[in-house]
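In: Got a predicted model here, sequence first, then my questions.
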Amino acid sequence: QGTCSPGGMEVQCRRSAAFDCMPQPAACCPDWMAGLPDALPLSRLSIPGTHDSLSLFGSRRLRCQSWGLEAQLAAGVRFLDVRCKLARGELHIYHLCTFQRASLRGVLRRTLRFLRAHPGEAVLMRIKEELPIFPRPGFAARLHRCLLEEGQGRVWCREEVPTLGQVRGKIVVLEALAREVLGIPYEQLSISDAWNVLSLERKWARARRHLERAAGGDPTTMHLTFCSGNGLFTCPEEVARFVNPRCYQHLRRRGGQPVRWGVVIMDFPGAGLLRLIVESNAPWASGHITAAPSTPTVPLRQPHGRGDRCRSRHSSTHCPRRCPSGRTLLPAPRLCRRTSAPVEQKRVSSSCWAPGNL
């Protein structure tokens, strides 16, 4: 896969079932969560995600994606890795020191616009302060304000891992703040993120082991496997060209079986790899994935040591509360109650479009 032919050398070298650095995805699957049961916890899903999701600009050593936000969501990506810096009173998207021509407010608005059009879906969003030597004063307060003002009551900011029914049409925040509670505690999840790559073979071996740990691990724990990486002698694209095809083949060996791979986070994913992750939720009931009839456009917007947590069941309130550890429980949007119904048979909506022979 990914071999070059004289007639389509450039396109085939840039796109395969596992790897894609073309400007738009080869496939579209915007409603794959819609047919899954409401009672299913997010921790029991296989979810495709992107690393440094808005890193579209800069040198080859910085670019991690070629699809814009709308294109990623339409292709089936449901985990976004968003890196912010506080500058001039606003949160702007950066990769290292390179501005990515977007703001967090814009990312939230665009994601919620997608969710309004596809209300059966949910999007996990890891929000991280980029490159802080020390956490910048005011970052958490600005993030809280941004989530309240832009969230429109459709952001999950609680510590508990929700069921899919609780968060349809919503953004689920994963965060790693030192004192405030603004979402699911990122650092308490099962994570493999060996981002500094000295050996491509060792990078893939670590990712493979964590995928298998997710497949056989505690179903109440969220597992996040980063297949992405960078290094002194490599770059995100080279790592993806090596790891993504091996991930594709690894998942393909279990094709046709329900497998919980957890959140699989990639640079430059191909449509076939996204399809394998999605179909592992319900391969017996998934629809055919065919070429997208049109390609989504990507508008660019200009910017205008963790302590112990207490488990809170706080509801909407206008007054912050405090955990015994001193962390502040910030107001969360009002959400529907958990369902206690048994998990039904999983099924994937047949309204996915995607590539003919990936």
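Out: Happy to help now that I have it. Numbers count the residues shown, from 1 in each chain.

In: Could you give the number of residues near Thr220?
Out: 9 (other Cβ atoms under 10 Å). In short, each C-beta sits where N, CA and C put it, glycine included.

In: Provide the secondary structure category for the closest residue to it other than its chain neighbours.
Out: Spatial nearest neighbour of Thr220, chain neighbours left out: Ser43 (5.6 Å); criterion: Cβ to Cβ, 6 or more residues apart in numbering. The assignment at Ser43 comes out as helix when based on DSSP: H, G, I helix; E, B strand; the rest coil.

In: gap between Ser43 and His210?
Out: Distance from Ser43 to His210, counting by Cβ to Cβ, to the nearest Å: 15 Å.

In: sorry, back to before: for the residue nearest to Thr220, give me its contacts.
Out: By Cβ atoms under 8 Å, 6 or more residues apart in numbering, the contact list for Ser43 reads 161, 219-223, 262.

In: confidence score at it?
Out: With respect to pLDDT, Ser43 scores 98.

In: Any chance of a ChimeraX selection covering the buried ones in the contacts of Ser43?
Out: In ChimeraX syntax, the buried subset of the contacts of Ser43 is picked out as below (16 or more other Cβ atoms under 10 Å):
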select :161,222,223,262
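
In: Narrow the contacts of Ser43 to those in strands?
Out: His223 (DSSP state E).

In: Out of the contacts of Ser43, flag the one nearest to Arg136.
Out: Met222 (27.1 Å; Cβ to Cβ).

In: Phi, psi for the closest one please.
Out: phi -80, psi 130 (degrees, to the nearest 10).

In: try Pro23
Out: Given degrees, to the nearest 10, the pair of backbone angles that Pro23 has is phi -70, psi -30.

In: check contacts around it.
Out: By Cβ under 8 Å, 6+ apart, the neighbours of Pro23 are 66-67.

In: again, only this time at 6 Å
Out: With contact taken as Cβ atoms under 6 Å, 6 or more residues apart in numbering, Pro23 is in contact with Ser66.

In: CA atoms of stretch 248-261 as PDB?
Out: Extracted in PDB, the C-alpha atoms of stretch 248-261 (Å, rounded to 0.1, in the frame of the first residue of the first chain):
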ATOM      1  CA  TYR A 248      -3.300  -0.600  10.000                       C
ATOM      2  CA  GLN A 249      -2.100  -4.200   9.600                       C
ATOM      3  CA  HIS A 250      -2.300  -4.900  13.300                       C
ATOM      4  CA  LEU A 251      -5.900  -3.800  13.500                       C
ATOM      5  CA  ARG A 252      -6.700  -5.500  10.300                       C
ATOM      6  CA  ARG A 253      -5.700  -8.900  11.800                       C
ATOM      7  CA  ARG A 254      -8.600  -8.500  14.200                       C
ATOM      8  CA  GLY A 255     -11.000  -7.200  11.600                       C
ATOM      9  CA  GLY A 256     -14.500  -8.500  11.800                       C
ATOM     10  CA  GLN A 257     -14.300  -8.800  15.600                       C
ATOM     11  CA  PRO A 258     -15.500  -6.300  18.200                       C
ATOM     12  CA  VAL A 259     -12.300  -5.000  19.900                       C
ATOM     13  CA  ARG A 260     -12.000  -2.000  22.200                       C
ATOM     14  CA  TRP A 261      -8.800  -0.300  21.000                       C
END
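
In: what comes up buried for that stretch?
Out: Here stretch 248-261 shows 248, 250-251, 259-261 as buried, counting by 16+ other Cβ under 10 Å.

In: Now tabulate those in a markdown table and tack on distance to Met33 and pLDDT.
Out: Shown next, in a markdown table, are the buried residues of stretch 248-261 (distance: Cβ to Cβ, whole Å; pLDDT from 0 to 100):
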| residue | distance to Met33 | pLDDT |
| --- | --- | --- |
| Tyr248 | 22 | 98 |
| His250 | 23 | 98 |
| Leu251 | 18 | 98 |
| Val259 | 17 | 96 |
| Arg260 | 15 | 97 |
| Trp261 | 15 | 98 |
